[in-house]
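Participant: Sequence isn't available, so here's the structure alone:
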Ligand code: UDP
Ligand code: MG
């Protein structure tokens, strides 16, 4: 018989004061039910990661942690972005948990499937992906761009779980493996499938954000997609090389053509084609250089080995204290 796991739910929060009270209440309820059903062990928690919010998010977390034994939190020293906030949470939770579930603060993901995640863990799965069944509540625009993104990534050879965001369960050993991926440009959705282990999917319907605004405006979404592509795939570089090769073939054909024209004594007539090829090749070169620059930029960031996040404060709850490894304090 397997031992009951300590579960930590990691919730990255950036300016989420509007949704937080409700989120805390609902997630607390989930943990209470799971405890009652004997599916998780005492010491299970909700770990909120304040990603440098400018509003009362941290104050709310701190206040709640005083009266709610399930709530604990860490505060990052500034806004590090969703992926890094998530990572900070996973790394912190890992040491004191047997399994960790990550979920967004806005509860767009259906929390009732958390129970199914845990059941899958009991069945021996190390990674459980939450997968959206439909995207009816997303705007047309969000739906279209997301779909395009998944297809494009697939073409580039990046294995993503279709319609899966960062709502998933990971076991302790999966998280331990994850922490060995030390890259700065981390794209968790792409990395988790690379870990291997037994994994499965749980389907759910995605809801509307019930309060607050999306923290992913178009600009951030594009940056996210671009990062996802260039941190995973060298296909764009290969594509440029291929186009360059085609351009070379074309230009040698053009060379032969212009020579022939010259030999026939109508040299000026070649002006148009030369103009065109100068522009074409100039454009290709610039494009290629820009793209290579992008990757060099990535290399530059990676070789610096800068920390991916900085934790400014940690709330002291019994099971998150450094000494807890030996003596697990009861709630
Ligand atoms: N988030 C974060 N740091 C950021 C941006 C967002 O921690 O810089 C959190 C945010 O609080 C939420 C989650 O990441 O819990 C997903 O953000 P959001 O719901 O705005 O994204 P969407 O669902 O629109 O893709
Ligand atoms: Mg959301």
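Facilitator: Here it is on my side, so go on. Bear in mind that the values here come from a model prediction, so they are computed numbers and not experimental data. Ligands and ions are numbered 1, 2, ... in the order given.

Participant: Ligand 1 contacts on this protein?
Facilitator: By Cβ under 6 Å from any ligand atom, the part of the chain that sits against ligand 1 consists of 12-14, 16, 51, 79, 81-82, 85, 104-106, 108, 214-216. In short, each C-beta sits where N, CA and C put it, glycine included.

Participant: List only those of those residues flagged as buried.
Facilitator: Buried members of the residues of the chain next to ligand 1, scored by 16 or more other Cβ atoms under 10 Å, are 12-14, 16, 51, 79, 81-82, 85, 104-106, 108, 215.

Participant: In helices only, show me the residues you listed.
Facilitator: 82, 85 (DSSP state H).

Participant: Check the buried ones among the residues of the chain next to ligand 1 and tell me the two furthest apart.
Facilitator: Maximum pairwise distance in those, criterion Cβ to Cβ, is 20.4 Å, between 79 and 108.

Participant: what packs against the host helix or strand of residue 225?
Facilitator: Residue 225 is part of helix 218-230, with elements assigned from DSSP states H and E. On a contact count with 3 or more Cβ pairs under 8 Å, 6 or more residues apart in numbering; DSSP states H and E, helix 218-230 meets helix 140-155, helix 271-304.

Participant: so does it get close to ligand 2?
Facilitator: No - for helix 218-230, no contact with ligand 2 is found by Cβ under 5 Å from the ion; the gap never falls below 11.7 Å.

Participant: May I see the buried residues of that helix?
Facilitator: 221, 224, 225, 227, 228, 229, 230.

Participant: after it comes which helix or strand?
Facilitator: helix 235-263.

Participant: helices or strands next to that following helix in the packing?
Facilitator: Secondary elements touching helix 235-263 (3+ Cβ pairs under 8 Å, 6+ apart): helix 271-304.

Participant: Could you pull out the buried residues of the helix it packs on?
Facilitator: Buried residues in helix 271-304 (16+ other Cβ under 10 Å): 277, 284, 288, 298.

Participant: Distance check, the first one against residue 257.
Facilitator: To tie it back to what came earlier, the one meant is residue 277. 10 Å (Cβ to Cβ, to the nearest Å).

Participant: do the last one as well
Facilitator: As judged by Cβ to Cβ, residue 298 and residue 257 stand 40 Å apart.

Participant: can you list the residues of this protein near ligand 2?
Facilitator: 104, 106, 108.

Participant: On the pLDDT front, check the first one for me.
Facilitator: As predicted, residue 104 sits at a pLDDT of 93.

Participant: ok, back up a step: now the angle from the helix holding residue 225 to helix 271-304?
Facilitator: 90 degrees (axes from the mean of the first three to the mean of the last three Cα atoms, to 10 degrees).

Participant: could you give the angle of helix 218-230 to helix 235-263?
Facilitator: Using the same axes, to 10 degrees: helix 218-230 against helix 235-263 is 80 degrees.

Participant: so for helix 218-230, what's the average pLDDT?
Facilitator: The pLDDT scores in helix 218-230 average 78.

Participant: next one: stretch 3-17
Facilitator: pLDDT averaged over stretch 3-17 gives 94.

Participant: what comes up buried for it?
Facilitator: 4-17.

Participant: Mind checking which of those are in strands?
Facilitator: When DSSP state E defines the strands, the subset of the buried residues of stretch 3-17 inside them is 7, 8, 9, 10, 11, 12, 13.

Participant: Any idea how many residues pack against the residue nearest to the fourth one when sequence neighbours are not counted?
Facilitator: Put plainly, it is residue 10. Distances taken as Cβ to Cβ, 6 or more residues apart in numbering put residue 89 closest to residue 10, at 3.6 Å, once the chain neighbours are dropped. Neighbourhood size, residue 89 [other Cβ atoms under 10 Å]: 27.
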